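**Q** My questions concern the predicted model and sequence given below.
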Amino acid sequence: MRIAVLHVEMHLPYSQSLKDKRMVLRRVKDRLQKFNVAVAEIAHQDLWQRATLGIVAISTNNDHVEQSLAAAADEIDRVEPGLVTRTEIEFLR
């Protein structure tokens, strides 16, 4: 079994409140449901223009986990272009 976490840091320059930030993150989370991954905001909950998402994928195959997380990162960039500042994949098992 392979477990991996994709850390996605985002800069939301047009967000003027936490409500604006939550709207953007909700759009992203809704779009990622089709990839069978778990998504949560893991840092910067109190900042308006910054967010870090943790996206987790589990599979029996290492390649499948990597493909799922790469597809999720591509979808975030497609839905909200230019907001992703950094991504990192961490394998837990």
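**A** Everything's here; your move. Note that the coordinates shown come from a computational prediction; the quantities given were computed from them, not determined experimentally. Numbering: from 1, shown residues only.
**Q** how about the helices of the chain, start to end?
**A** 18-32, 62-79 (DSSP state H).
**Q** Can you redo the ones you listed as CSV, where the extra columns are mean neighbour count, mean pLDDT and distance to R86?
**A** The C-beta positions use only the backbone N, C-alpha and C, and glycine is treated the same way. Listed next are the helices of the chain as CSV, based on neighbours: other C-beta atoms under 10 Å; pLDDT from 0 to 100; distance: least, C-beta to C-beta, whole Å:
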stretch, mean neighbour count, mean pLDDT, distance to R86
helix 18-32, 15, 96, 15
helix 62-79, 16, 94, 11
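**Q** In TSV, list these along with distance to M1.
**A** As requested, those are arranged in TSV below (distance: least, C-beta to C-beta, whole Å):
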stretch	distance to M1
helix 18-32	21
helix 62-79	10
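**Q** To A4, which of those helices lies closest?
**A** helix 62-79 (4.6 Å; C-beta to C-beta).
**Q** Name the residues that touch that closest one?
**A** Identification of contacts with helix 62-79 by C-beta atoms under 8 Å, 6 or more residues apart in numbering yields 2-4, 6, 8, 10, 27-28, 31-32, 35-37, 53, 55, 57-59, 83-84, 87, 89, 91.
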